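I need the structure of the sequence given here:
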Amino acid sequence: MNHSTPVRVRFAPSPTGYLHVGGLRTALYNYLFARKHHGTFVLRIEDTDRARIVDGAVENLIDTLHWAGLEYDEGPRKDGPFAPYVQSERLSLYRDHVNQLLDNGHAYRCFCTSARLDEMRKGQEKNGLPSKYDRRCLNLSRNEIEEKLASKIPFVIRMKVPDSTTISFHDVIREDVEFSSSLVDDQVLLKSDGYPTYHLANVVDDHAMQISHVIRGEEWLSSTPKHVLLYNFFGWQIPTFAHLPLLLNPDRSKLSKRQGDVAVEDYRAKGYLKEAMINFIAMLGWNPGTEQELFSLEELIEQFSLDRVIKAGAVFNLEKLNWLNFEHLRKKSSQEMIPLLRDELSRSGISDSDFKDEYLIKVIDAMRERVSFVHDYIEQGRYFFEPPKAFDPEVVKKRWKTETPSQLNILADEFSKLAGSAKEDFESALHRTAEALKTGNGVLIHAVRLAVSGVGGGPGVFEILSILGRDESIKRMKYVAEHIDI
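As a prediction, this is how the structure comes out:
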């Protein structure tokens, strides 16, 4: 794609809580598009709806983008040529532009109270009419306006939508879109508290920050005619629009908290890798046109294009995310896994300083094909880091016999004669002992596994013994045989 002007895109969230997965997708597509075209990715905080602001939300947004690897070029804490990047710090700019619209007859003051507007809407609803301002204040005389202003009656400023006009624009994803102006409300542009609405601030800032492409969710499509009108009123060039498909639950309802987690924070807390989240979210509405399903961020940048974004809603499939997490975890080298495992150990209350890298690598290699999350290393293999405190009752019932303690003691003595902790040596010693005791290898294998791990599954028992080492394995076997009546 050739662009006559440099590519500048923005992600412009409101700080009203955690970052929604839909928000992360919008940020990701903007980021990928900017990187693909050597453009600029801007973060702008749209905090003009003061009633909905949540403390700490801006910090959380920035932290989540950083975690996901989506580093912005301009924005809060990283000022560029169009600072400030927080809308509440740009109020005089919006007031100047609203005054310009008032002077040009494209906007007017509205003194209607909330109670009057509620009554008007109820009446429209009752008569099956669309909910739209009835323009009572549009034709106030200059004297009436002056009187109300002198009486300090609160007012908002509304956009005057032209009558009987077709508002059309091109969307990269939806192609040519048309709206009749009769369906467009005289939108409030400036609220009585002096703060702009989304519609005004968004357009003024996109123009001021030289945004070339507006890539955002489908929910903003119906607002775009209002934005196009504002661009026209100001005589500004309209950016290229791209409205992304809705995210859907598997039952094709709109993705919402009622049916599962929607905050990126929730998935991060559950241990999903950022690589899996980014890979998964990239495919919610876009596909490369090939069979490839596993992507690194670099590969996504290389292959991403807006023309391969679909119109239809994209289904959020948790099974797919779990599969991607497993695959991305498996792709990581043992060396890359060490810091992740150390973090998980600390979170689980186990001192990671007790274990050398070499030891952790052995655990990682033994468990690699069995885990989908880093926390599975602890949940499924805690015995690698501390002796078992409990023993699986089902396995005990099935495998623990009266003679098991004495068999374990005899086997422990045989292990004590070994020179080291090689897998093969443990295996030979166990076979010799089983033969001497005239019992099956399996009987001893199950007893040893239960004694050293407390569970009935996991990597091969000789691999576990080799990782734990001869002395630790013997200690656990003797302790269970002598102290625990399981």
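
using PDB, list the CA coordinates for the longest helix anywhere in the chain.
Determined from DSSP state H, the single longest helix within the chain is helix 21-36. The C-alpha trace of helix 21-36 is given here as PDB (Å, rounded to 0.1, in the frame of the first residue of the first chain):
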ATOM      1  CA  VAL A  21      -9.600  -8.000  24.800                       C
ATOM      2  CA  GLY A  22     -11.400  -6.000  22.100                       C
ATOM      3  CA  GLY A  23      -9.300  -3.000  23.100                       C
ATOM      4  CA  LEU A  24      -6.100  -5.000  22.900                       C
ATOM      5  CA  ARG A  25      -7.100  -6.200  19.400                       C
ATOM      6  CA  THR A  26      -7.700  -2.500  18.300                       C
ATOM      7  CA  ALA A  27      -4.300  -1.600  19.700                       C
ATOM      8  CA  LEU A  28      -2.600  -4.600  18.100                       C
ATOM      9  CA  TYR A  29      -4.100  -3.900  14.600                       C
ATOM     10  CA  ASN A  30      -3.000  -0.200  14.900                       C
ATOM     11  CA  TYR A  31       0.400  -1.300  16.000                       C
ATOM     12  CA  LEU A  32       0.900  -3.900  13.300                       C
ATOM     13  CA  PHE A  33      -0.300  -1.400  10.600                       C
ATOM     14  CA  ALA A  34       2.100   1.300  11.900                       C
ATOM     15  CA  ARG A  35       5.100  -1.100  12.000                       C
ATOM     16  CA  LYS A  36       4.300  -2.600   8.600                       C
END
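
that one: what's the following helix or strand?
Next along the chain after helix 21-36, taking DSSP states H and E as the criterion, comes strand 40-43.

other SSEs contacting that following strand?
Judged by 3 or more CB pairs under 8 Å, 6 or more residues apart in numbering; DSSP states H and E, the packing partners of strand 40-43 are strand 8-11, helix 21-36, helix 57-68. C-beta here means a position set from N, CA and C on the backbone, and glycine is covered the same way.

Val480 reaches Ala451, doesn't it?
Yes - between Val480 and Ala451 a contact is recorded at 4.2 Å, counting by CB atoms under 8 Å.

show me the domain layout of this protein.
90-244, 333-386, 393-483 (automatic domain parsing).

overlap in contacts, Val480 and Ala451.
Leu408 (CB atoms under 8 Å, 6 or more residues apart in numbering).

got a list of what Trp67 touches?
Contacts of Trp67 by CB under 8 Å, 6+ apart are 268, 274.

could you measure from it over to Pro339?
14 Å (CB to CB, to the nearest Å).

and for Ser222?
Per CB to CB, Ser222 is found 46 Å from Pro339.

try Glu119
Distance from Glu119 to Pro339, by CB to CB: 62 Å.

same check, this time on Tyr198
Look at Tyr198 and Pro339: by CB to CB, they are 41 Å apart.

what count of nearby residues applies to the residue lying closest to Leu340 once chain neighbours are set aside?
Among residues not flanking Leu340 along the chain, Val374 sits closest, at 4.8 Å (CB to CB, 6 or more residues apart in numbering). Using other CB atoms under 10 Å, Val374 has 21 neighbouring residues.

cool, Ser333 as well?
9.

and the pLDDT for Val396?
Per-residue pLDDT puts Val396 at 89.

tell me the buried residues in the helix or strand where it lies?
Following DSSP H and E, one finds Val396 within helix 393-399. The neighbour-count criterion (16 or more other CB atoms under 10 Å) identifies 395, 399 as the buried residues of helix 393-399.

ok, residues contacting that helix?
446-447, 450, 455-456, 486.

and the buried ones among these, selectable in PyMOL?
Filtering those down to the buried ones (16+ other CB under 10 Å) takes a single PyMOL command:
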select buried, resi 446+447+450+455+486
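
closest one of the contacts of helix 393-399 to Ser334?
Val455 (23.2 Å; CB to CB).

give me every residue that touches the closest one.
For Val455, the contacting residues are 383, 388, 391-392, 395, 449, by CB under 8 Å, 6+ apart.

the same query, at a cut-off of 7 Å, please.
Val455 is in contact with 392, 395, counting by CB atoms under 7 Å, 6 or more residues apart in numbering.

and what of Glu147?
By CB under 7 Å, 6+ apart, Glu147 has no neighbours at all.

quick one: mean pLDDT for the host helix or strand of it?
Using DSSP H and E, Glu147 sits in helix 142-150. Here helix 142-150 scores 97 as its mean pLDDT.

after it, next one along is what?
Following helix 142-150 in sequence order, the next helix or strand is strand 156-159 (DSSP H and E).

list the pairing partners of that following strand within its sheet, with orientation.
Strand pairing for strand 156-159, determined by DSSP bridges: strand 107-110 (antiparallel), strand 188-190 (antiparallel).

picking that back up, could you check how far the longest helix of the chain is from the centre of its chain?
Offset of helix 21-36 from its chain centre (CA atoms, centre = their mean, to the nearest Å): 11 Å.

close enough to count as contact, Phe373 and Asn325?
Yes - Phe373 is in contact with Asn325 according to CB atoms under 7 Å; the separation is 6.5 Å.

quick one: His243 is in a helix?
No - His243 sits outside any helix when classified using DSSP: H, G, I helix; E, B strand; the rest coil, being strand.

go ahead and confirm it touches Ile173.
Yes - counting by CB under 7 Å, His243 touches Ile173, with 5.9 Å between them.

strands of this structure, residue ranges please.
Remark: strands assigned in the chain by DSSP state E are 8-11, 40-43, 107-110, 156-159, 166-171, 175-180, 188-190, 213-217, 240-244, 247-248, 314-315.

most packed of those strands?
Comparing the strands of the chain by mean neighbour count (mean count of other CB atoms under 10 Å), strand 8-11 ranks first with a mean of 26.

just how off-centre is that strand within its chain?
On CA atoms, centre = their mean, the centre of strand 8-11 falls 18 Å from that of its chain.

re earlier: sitting in helices, which of the contacts of helix 393-399 do you find?
446-447, 450.

which of those lies closest to Gly460?
His446 (12.7 Å).

so where is the stretch 201-350 of the chain shaky, pLDDT-wise?
257-260 (pLDDT under 70).

ok so, going back, what is the nearest of the ones in helices among the contacts of helix 393-399 to Arg109?
Nearest to Arg109, judged by CB to CB, of the ones in helices among the contacts of helix 393-399 is Leu450 at 79.9 Å.

which of the residues in stretch 288-304 are buried?
288, 295, 297, 300-301, 303-304.

could you do stretch 464-473 as well?
Neighbour-count burial for stretch 464-473 [16+ other CB under 10 Å]: 464-468, 470, 473.

what about the helices in the stretch 351-486 of the chain?
Assigned by DSSP state H, counting those that start in this stretch, the helices in the stretch 351-486 of the chain fall at 357-367, 375-381, 393-399, 404-416, 423-436, 441-453, 461-468, 470-483.

ok so, going back, so the residue nearest to Leu340 is in contact with Leu341, correct?
Yes - with contacts counted by CB under 7 Å, Val374 reaches Leu341, the gap being 6.3 Å.
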